[in-house]
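*Asks:* need a structure here:
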Amino acid sequence: MPESLHGTPFGAWAHRPKRPAEWEALAARHAVAELDFKVPVGYKKAAGVVVREPDGRVWIVAPSNAFAGYQATFPKGTMEGMSAQATALVEAFEESGLQVRLLSHLVDVKRSQSYTRYYLAERIGGHPADMGWESQAVMLVPKPSLPQVLNSANDLPIIDALKKA
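*Replies:* Alright, predicted model coming up:
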């Protein structure tokens with residue numbers, strides 16, 4: 001693992017938020033403009049991130065034990081009392097170990113049980129070795145290779161949105 005990539009060092013996020021209110025405060029400091037998040041009846045609200053490096057490569061995670069059939073996917077999770085933007089920041093850290101800054105709303109996607117709002121983000125710190133138990137690997141993938149690495153049709157609308165971003 002290199003010490004840095006594109007001038008951004010890798011290292012433990014020493015003073016990361018611990019409580020929901022701290023994640024919300026972090027999200028508010030760099031809030032991105034977005035439309036109302038309207039979730040169809042019967043779906044759980046979720047949020048996730050597509051973390052892109054300056055060279056166009058994208059960080060993805062391999063869920064532990066291929067949870068829900070995913071060999072690889074983007075960090076995401078259900079919104080449990082937090083805003084979509086705060087949830088996206090939490091999921092980025094918990095699943096990839098990365099500290100990110102949200103750049104923009106990317107796309108809303110209907111998945112099997114959730115309706116997920118995805119944000120485009122950039123890495124500003126953290127280290128993949130700090131991923132949580134939900135992931136067994138973190139990968140940096142060239143954007144053209146995403147269709148071959150991601151195994152779920154649920155990720156195709158995200159790949160399409162990323163091409164346009």
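*Asks:* Where does the residue in the chain sticking out farthest from the centre sit: helix, strand or coil?
*Replies:* The C-alpha centroid of the chain is most remote from residue 41, which lies 23.9 Å away (Cα atoms, centre = their mean). Assigned state for residue 41: coil (three-state reduction, DSSP: H, G, I helix; E, B strand; the rest coil).
*Asks:* Now do the same for it: its pLDDT.
*Replies:* What the model reports as pLDDT for residue 41 is 93.
*Asks:* same thing with the one 5 residues further on?
*Replies:* Model confidence at residue 46, expressed as pLDDT, equals 97.
*Asks:* ok, what's across the strand from it?
*Replies:* Listed beta-bridge partners, residue 46: residue 78, residue 116 (assigned using DSSP bridges).
*Asks:* which residue is nearest the middle of the protein?
*Replies:* Centre-nearest of the chain using Cα atoms, centre = their mean is residue 49, 2.6 Å out.
*Asks:* Please name the residues that touch that residue.
*Replies:* 74-76, 88-89, 91-92, 100, 102, 118-121 (Cβ atoms under 8 Å, 6 or more residues apart in numbering). (Each C-beta comes from the backbone N, C-alpha and C, glycine too.)
*Asks:* and if we set it to 6 Å?
*Replies:* By Cβ atoms under 6 Å, 6 or more residues apart in numbering, residue 49 lies in contact with 75, 88, 92, 119, 121.
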